[in-house]
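S.K.: prediction below, plus the sequence it came from.
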Amino acid sequence: MTQNVDTRPQPLSAGMIYCHGCGKPIHESARSCPHCGAVARSARSGRSKWSAAILAFFLGGFGVHRFYLGQPIVGLIYLLFCWTLVPALIAFFEFIYFLVISEEKFDQQYNR
Ligand SMILES: [Zn+2]
């Protein structure tokens, strides 16, 4: 017996993204999903906690994640003291912090 229900994801046409709330395709410029009402991530300034975590882990000693998060002054301080390795230590704890906080909390702090 063949099933008529196609559960495969529909191919996206140009300019469409998947809603993170319901998974349906919505236009990338949509501020919220017309299907479920979830606020589209692309409508925010779009910093991701995963990018911040990766930057903090690999380049945190140079404050790169702080530049990414829109805090160039703090990033500069990391850069100035990178030779002490203290910023690398702080960045490692920030890496863990970025991993454990929720995306909502991250957005509240860095995507306002
Ligand atoms: Zn949705």
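M.R.: Thanks, I have it.
S.K.: how close does the residue minimising distance to the centre of the chain sit to Val100?
M.R.: With distances taken as CA atoms, centre = their mean, Ser48 lies nearest the centre of the chain, 1.1 Å away. When distance is defined by CB to CB, to the nearest Å, Ser48 is 15 Å away from Val100. No exception for glycine: its C-beta is placed from N, CA and C like everyone else's.
S.K.: same question for Leu69.
M.R.: Leu69 sits 16 Å away from Val100, taking CB to CB as the criterion.
S.K.: what is the rounded mean pLDDT of stretch 74-89?
M.R.: Mean pLDDT, computed over stretch 74-89, is 97.
S.K.: then stretch 48-55?
M.R.: The average pLDDT for stretch 48-55 rounds to 94.
S.K.: what stretches of the chain score poorly on pLDDT?
M.R.: Along the chain, the parts satisfying pLDDT under 70 run over 1-11, 40-45.
S.K.: let's see that with 80 instead.
M.R.: 1-12, 39-46, 112 (pLDDT under 80).
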